[in-house]
Every structure is written in C-alpha cells, then in structure tokens.
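>>> pasting the structure only:
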C-alpha cells in the first residue's frame, strides 16, 4: 500500500471552535419553551461533565492499561481546528444500547464493566481465537490521533482519540486471500446495555468495512480519548474510528472481528437502507432523505450560536482516501 499523509485537509483558523463555558441545554430550552427543539442542540453538561469524567477514570483503567496509555506517542493537531471540549465529547453521544437521547449514554452507563474484556476473531483468517483486551493491545504502541468526527445527523466534533492502526491489528490474524471485508460486532448484554431490552435496533449492533478501508493508515482501533481510557459512553474499551465516514460506522464496545468474502449485513443498512448505506462516506453532495448534508454544526453550539459550517468531502480527508473509491458512483454507493 502506498504511503499516505495522515494530516487531512486544513481548515481556516477563523473557523475554530472556542473552548468556553456554554449554556446547559435543558435549562435553556425549558426557559425558552423550546423543548421540542432538543434534537437541534448538543448536550450542555457543564455541571455534570466533571462527574462523568471522574466516573470514566475510575471505572475504565486497569493498571496495565494506565501504564500503556502513559507510554503513548503524542500527535500533532493537524486539522487546523480547536479540540471539542471533553464535556461535549463525553456527554453528547449516540449509543443506542444505553438509550435514544444524547445524554443517555453518560447518564445510564454507571454499571458498564469494560474489564475484563474478550474479543473473538474468526472467519477467513489463519489465526482465529479469543483474545483478552491485553492480548489485543500488547504488541501495539498507542498514539494520539486528532480527527474530525462527523455524524450523519449533521453535527461534528474534533476529537483527540488514543489508539493504533487497525491494519496493524488485522495483519496479526493473517487474513486469507479470499477475505475482502471485515465485520465488527458490539457486545450484547442487556444487563449492561439497558436499551437492548427494547426493539430500537436489531441487536447486537454490527458494522463492517472493505478490507482495504480497514487497512488504510487513517483507520484506527481506539482505546482512549483525551489522553485517558474510553468512558463507556464513548465505546469502552475498544471502538473503531474511520474519520472519513459518518460516525455510525465507528462501532463501539467491540467483541467480535470476523473476516468475510462478502459484504457484511450491517445494522443501519438493514434497518433503513434508503437512509444509511454500507459505505457511509461523508459526502456533502448526497443528502440524507430527511435533511441536507451540505453543512454541519460544530459542537459546542447553542440555540443562538449553532456554529454551522460547510461539510468537507470525505470529512476533509479526500486527499488520503478518495483513491479507494476510484470509478465508483458515490451517489449510488452512499
């Protein structure tokens, strides 16, 4: 595979997000009588945020992982943008296993147990097996990766993830020549994921990538954010990050990795195929059936400062990844 830059496309300095105190969403909406507009605004968690941080730090970091994180490689902020505050990153989340509201993952994840953790690797590979999280991480040096994160709902962040190249992990399992895709599965455990008792989705959550997408050096397996282990609401203890795709492709709390010859049947592509395609590359020219994708709200935002900005093709990483889709009709294969 040819070497590719990890920088992404720069953004003008006057588009940066200020890291300042902002109004708590529910209080603002209640005061103005706009509770029906809640979906338009991010969770503002000034008071609750630090408590969630403390909870995540206590619950998510066995000694061996804290030591590994301490030895990580730093990474420069190559996006040209300010980081989204941790309070927004850790309290404005889509993680339907905990609930459908953005606040639910942070508020309902106190009983989640990311340690011990095992990952099953199977399918078309020569070294299948069941691996502990420590087995998975042991050979890899962790590094900071600051990426844009764009949700299909048209909000976005700039997040300092902590992880390592997914391709380095997959190569350890020696994929067979006929393997063309990789499928990932989230933990199914309604005792820890209360919303799995509902029929909100067809559990467990499944996502997938073409093998060349998975091997691309921008694709990482993340175990942390903001220099600490992942809190449950952000996908502890192991999640995917594919920065040029919409966020729902970056599956959380992974317990299975399977190599396949055919395209995996992924959760959202099965639930609503007219709205969520398998590829899910960020494309401002292809609207969601219910809203435009031409622009996005950079968090933190508020009713009076929605922080809209143009959406970049491939989320700003076109230079690095557009070649993966040469000759494809990106309007059809969305």
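Perfect, thanks for sending it. Bear in mind that the values here come from a model prediction, so they are computed numbers and not experimental data.

>>> CA atoms for contacts and neighbours, from now on please.
Noted.

>>> Helices of this protein, start to end?
25-32, 49-59, 63-70, 86-91, 104-107, 133-137, 166-171, 211-215, 267-271, 318-321 (DSSP state H).

>>> Low-confidence ranges, this protein, go.
Counting by pLDDT under 70, the chain contains low-confidence ranges at 1-60.

>>> ok, which stretches of it are strands?
118-123, 129-132, 143-150, 155-165, 181-186, 206-210, 220-225, 228-229, 239-241, 254-260, 295-298, 308-310 (DSSP state E).

>>> and the third one, how far out from the chain's middle?
Strand 143-150 sits 10 Å away from the centroid of its parent chain (C-alpha atoms, centre = their mean, to the nearest Å).

>>> likewise the longest one?
Remark: strand 155-165 is offset 7 Å from the chain centroid, using C-alpha atoms, centre = their mean.

>>> Kindly report the same for the last one.
Averaging C-alpha coordinates over strand 308-310 and over its chain gives two centres that are 20 Å apart (C-alpha atoms, centre = their mean).

>>> got a list of contacts for it?
294, 295, 296, 297, 298 (C-alpha atoms under 8 Å, 6 or more residues apart in numbering).

>>> For ChimeraX, write a command that selects the buried ones of those residues.
Here is the ChimeraX selection string for the buried members of the contacts of strand 308-310, based on 16 or more other C-alpha atoms under 10 Å:
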select :294,296,297,298
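
>>> and the gap between the residue nearest in space to the middle of the chain and residue 239?
Centroid-nearest residue in the chain: residue 250, 4.0 Å away (criterion: C-alpha atoms, centre = their mean). Separation of residue 250 from residue 239 (C-alpha to C-alpha, to the nearest Å) stands at 7 Å.

>>> The closest residue to residue 210 other than its chain neighbours: neighbour count?
Distance criterion C-alpha to C-alpha, 6 or more residues apart in numbering; nearest residue to residue 210, sequence neighbours excluded, is residue 181 at 4.3 Å. For residue 181, the count of nearby residues is 21 (other C-alpha atoms under 10 Å).

>>> And for residue 139?
When neighbours are defined as other C-alpha under 10 Å, residue 139 has 11 of them.

>>> what are the phi and psi angles of it?
phi -80, psi -10 (degrees, to the nearest 10).

>>> and residue 63, how many neighbours does it have?
9.

>>> For it, give its distance to residue 224.
With C-alpha to C-alpha as the criterion, residue 63 and residue 224 are 14 Å apart.

>>> How about residue 236, nearest residue that isn't a chain neighbour?
residue 230 (4.9 Å).

>>> Quick check, that neighbour in contact with residue 223.
Yes - using C-alpha atoms under 8 Å, residue 230 is in contact with residue 223, at 5.7 Å.

>>> close enough to count as contact, residue 243 and residue 219?
Yes - look at residue 243 against residue 219 with C-alpha under 8 Å: they come within range, at 7.1 Å.

>>> Report the separation between residue 314 and residue 242.
Separation of residue 314 from residue 242 (C-alpha to C-alpha): 10 Å.

>>> That should have said residue 228, apologies.
Look at residue 228 and residue 242: by C-alpha to C-alpha, they are 20 Å apart.

>>> Check what contacts stretch 63-71 and list those residues.
Against stretch 63-71 from outside (C-alpha under 8 Å, 6+ apart): 134, 141, 142, 227, 228, 229.

>>> close enough to count as contact, the fourth one and residue 162?
Yes - with contact defined as C-alpha under 8 Å, residue 227 counts as touching residue 162 (6.5 Å).

>>> So if I had to pick from these two, which one is more boxed in?
residue 162 (26 against 18).

>>> and that one, bridged to which residues?
Beta bridges link residue 162 to residue 144, residue 224, judged by DSSP bridges.

>>> and it, what does it touch?
Contacts of residue 162 (C-alpha under 8 Å, 6+ apart): 142, 143, 144, 145, 222, 223, 224, 225, 226, 227, 228.

>>> rerun that using 6 Å as the cut-off
Applying C-alpha atoms under 6 Å, 6 or more residues apart in numbering to residue 162 gives the contacts 143, 144, 222, 223, 224, 225.

>>> Please apply the same query to residue 116.
Counting by C-alpha under 6 Å, 6+ apart, residue 116 has no contacts.
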